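Student: Generate coordinates for the sequence data below:
(one chain, ligands or ions: 1)
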Amino acid sequence: MAQALLPVRFCLALVAKMQWKSTWRKKRTARSDRATQMLKLTIAIDGPAGSGKSSLAKRVALLLGYLYLDSGAMYRALALKALRKQISFDDFVALDKLARATHIELQPPTSAQEAAGSKNCVFLDGEEVTQAIRTPEVAQGASRLATIAGVREILVAEQQRAGAGGGVVMEGRDIGTVVFPLADLKIFLEASPEVRADRRWKEHQEKGETMTLAQVVEEVHERDRRDRERKVSPLVRASDAVLVDNTAMDVEQTARLVVMLARERERELSKAAAREA
Ligand code: DC
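Tutor: Take a look at the predicted model:
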């Protein structure tokens, strides 16, 4: 009897060990899956006009293999539609209604558009408006309609949907404070007003637009004032954002600094995930 029981006991022990191993393997896979998911950070980059957010966010996204999203393009696309429809930027009710009836989509640029310096490919109700939204008139309009709470609510919800999966670098004015208040890494980018105006002026010149430096200084100053002083979601540095002043830094130097901060954050998060597992 004992002889007959021995192999059964042995088999039971073997089965238990196999089950334990398979559970352990599953747990280990789940733990590493979780760690991998955790590694897909959400990075928020905020700052005033001309601070170099777009170039930085694009470069960081490329270096990390993340998705780059330009939230300002959404405000610009809506402003373009309002201009085309001749809706006054003082008519908050009509602009709110317009936002609700508009579909804006951001897509990664094609390689040709990328080479030409495009940010995201922007579609307004299905029409591509990537270039059309890059005019001083649209920029001013965007800054004006960005003061309307109802408009912001709609666009913020859209931005949250677009970046929901993580592995994203989103730039704007309120990403670290409103859109992704729990972002894994927040950068507030600054540069002196002179340097910011000079960068914007060069951008206009490259596009063949004839704006004087004085006009650009005025445009940047006006937008700064409106973006920082508006009642809803003004441009402010989130308390947990890292302040990066790139007045004397080029894009590559700034991007390397942000990637270093992102890697550090990834390490912290994966350690925390491993401890939890
Ligand atoms: O980043 P940009 O210059 O393309 O933005 C155009 C305007 O849109 C900017 O003056 C303010 C507004 N904006 C905003 O209020 N919140 C954002 N997250 C992004 C842009």
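
Student: contacts, neighbours, all on C-alpha from now
Tutor: Will do.

Student: burial of W201, as a residue count?
Tutor: W201 is surrounded by 23 other residues when neighbours are defined as other C-alpha atoms under 10 Å.

Student: I misspoke; the intended subject was P234.
Tutor: Applying other C-alpha under 10 Å, we find 18 other residues in the vicinity of P234.

Student: From P48, how far out is the residue nearest to it when sequence neighbours are not counted?
Tutor: Using C-alpha to C-alpha, 6 or more residues apart in numbering and skipping residues adjacent in sequence, the residue nearest P234 is R228, 5.0 Å away. Counting by C-alpha to C-alpha, to the nearest Å, the gap from R228 to P48 is 8 Å.

Student: what residues does the helix or strand containing I45 touch?
Tutor: I45 is located in strand 42-46, with elements delineated by DSSP states H and E. Counting by C-alpha atoms under 8 Å, 6 or more residues apart in numbering, strand 42-46 makes contact with 53, 57, 163, 166-176, 180, 183-189, 235, 237, all of which sit outside it.

Student: Report the set of residues contacting both of R228 and P48.
Tutor: For the pair R228 and P48, residues contacting each of them under the criterion C-alpha under 8 Å, 6+ apart are L235.

Student: Comparing these two, which residue is more hemmed in?
Tutor: Neighbours were counted for R228 and for P48 using other C-alpha under 10 Å; P48 has more, 24 against 15.

Student: tally of neighbours for the nearest residue to that one once chain neighbours are set aside?
Tutor: Leaving aside its sequence neighbours, P48 sits nearest to D224 (C-alpha to C-alpha, 6+ apart; 6.3 Å). Applying other C-alpha under 10 Å, we find 18 residues neighbouring D224.

Student: so which strand or helix has D224?
Tutor: In the assignment (DSSP H and E), D224 maps to helix 213-229.

Student: Show me what that helix packs onto, helices and strands only.
Tutor: Using 3 or more C-alpha pairs under 8 Å, 6 or more residues apart in numbering; DSSP states H and E as the contact criterion, the elements in contact with helix 213-229 are helix 136-145, helix 193-206.

Student: For the ones you listed, which has the smallest mean pLDDT value?
Tutor: The stretch with the lowest mean pLDDT among the helices and strands packed on helix 213-229 is helix 193-206, at a mean of 90.

Student: Residues in contact with that helix: which ones?
Tutor: Residues from elsewhere that reach helix 193-206, judged by C-alpha under 8 Å, 6+ apart: 49-52, 210-213, 216-217, 220-221, 247.

Student: buried stuff in it?
Tutor: 193, 195-201, 204 (16 or more other C-alpha atoms under 10 Å).

Student: who's in contact with I104?
Tutor: For I104, the set of contacting residues under the criterion of C-alpha under 8 Å, 6+ apart consists of 74, 77-78, 122-126.

Student: got any ranges where the stretch 51-200 of the chain has weak pLDDT?
Tutor: Under the criterion of pLDDT under 70, none of the stretch 51-200 of the chain is flagged as low confidence.

Student: Contact residues of it facing the ligand?
Tutor: Taking C-alpha under 6 Å from any ligand atom as the criterion, the stretch 51-200 of the chain approaches the ligand at residues 71-73, 75-76, 139, 142-143, 146, 172-175.

Student: out of the residues you listed, which is most surrounded?
Tutor: Neighbour counts for these (other C-alpha under 10 Å) peak at I175, which has 29 neighbours.

Student: what pairs with the closest residue to that residue other than its chain neighbours across the strands?
Tutor: With C-alpha to C-alpha, 6+ apart as the criterion, I175 has its nearest non-adjacent residue at 5.5 Å, and that residue is A44. Counting by DSSP bridges, A44 forms beta bridges with M170, K186.
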